[in-house]
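Engineer: Requesting a structural model of the entry that follows:
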Amino acid sequence: MAASLLRRGLELLEPPAEPGRAKAPPGLQRGRAGPGAASAARRRKRAPERGRSKATVKGRVVRSAIEEYHKKKPVNHLRENLKYMLKGRLVADKAVTEQVLAQNRGRKSKDQPPEKTEKKKPEGTVFTEEDFRKFEREYFGIP
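Structural biologist: The predicted structure is shown next:
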């Protein structure tokens with residue numbers, strides 16, 4: 001709407017037409033056939049840019065299927081990766097690694113690792129085998 005008002009205002013400011021010439025209708029004045037003409041012109045301009053036709057054979061290189069297979073064959077980088085990984089043998093302190101892991105861990109309870117409970121070592125008995133035998137003789141009466 002603002003563009004059409006601007007055009008009308010510019011038409012009013014244009015110098016008056018010469019008496020011998022008739023003024024063309026406003027639609028033909030700008031060289032457009034209709035409201036969709038501008039977009040059609042843009043489409044026509046863009047069409048040649050999309051590349052040449054795929055139907056042509058000019059410039060095409062014929063490759064063998066074996067070459068294509070070797071080109072796309074996956075390469076095993078295991079040896080190079082192992083050399084790279086084993087090259088730097090710097091190991092960080094356990095406290096530092098724990099701190100980094102704690103910082104990267106989420107704050108939700110589902111992200112927290114289960115707390116480690118220290119396993120209780122079974123305590124050794126105070127009595128010796130000889131004490132047990134002595135108790136057996138006294139209690140059960142076995143010689």
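Engineer: What about residue 37, how many residues nearby?
Structural biologist: Residue 37 has 13 neighbouring residues, counting by other C-beta atoms under 10 Å. C-beta here means a position set from N, CA and C on the backbone, and glycine is covered the same way.
Engineer: now swap in residue 138 and tell me
Structural biologist: A count of nearby residues for residue 138, using other C-beta under 10 Å, gives 9.
Engineer: Can you point out the helix or strand that includes it?
Structural biologist: Taking DSSP states H and E as the criterion, the element that holds residue 138 is helix 129-140.
Engineer: quick one: that helix to chain centroid distance?
Structural biologist: Taking C-alpha atoms, centre = their mean, to the nearest Å, the mean C-alpha location of helix 129-140 is offset from the chain mean by 75 Å.
Engineer: again, but for stretch 64-82
Structural biologist: Computed by C-alpha atoms, centre = their mean, the separation of stretch 64-82 from the middle of its chain amounts to 25 Å.
Engineer: That stretch spans what distance, first to last residue?
Structural biologist: Using C-alpha to C-alpha, to the nearest Å, the gap from the first to the last residue of stretch 64-82 comes to 34 Å.
Engineer: do the same with stretch 73-89
Structural biologist: Termini of stretch 73-89 sit 32 Å apart (C-alpha to C-alpha).
Engineer: Pull the distance from that stretch to the chain's centre.
Structural biologist: Worked out by C-alpha atoms, centre = their mean, stretch 73-89 lies 24 Å from the chain centre.
Engineer: Please apply the same query to stretch 119-127.
Structural biologist: Centre-to-centre, stretch 119-127 and its host chain are 55 Å apart (C-alpha atoms, centre = their mean).
Engineer: if we can go back for a sec, the helix holding residue 138 - what's its average pLDDT?
Structural biologist: Mean per-residue pLDDT for helix 129-140: 88.
Engineer: just the CA coordinates of it, formatted as CSV?
Structural biologist: Presented in CSV, the C-alpha positions along helix 129-140 are these (Å, rounded to 0.1, in the frame of the first residue of the first chain):
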residue,chain,number,x,y,z
GLU,A,129,41.4,-73.2,66.7
GLU,A,130,42.8,-74.5,69.9
ASP,A,131,40.3,-72.4,71.9
PHE,A,132,37.4,-73.9,69.9
ARG,A,133,38.7,-77.5,70.5
LYS,A,134,39.0,-76.7,74.3
PHE,A,135,35.4,-75.3,74.3
GLU,A,136,34.2,-78.4,72.5
ARG,A,137,35.7,-80.7,75.0
GLU,A,138,34.3,-78.8,77.9
TYR,A,139,30.8,-78.3,76.5
PHE,A,140,30.2,-81.5,74.7
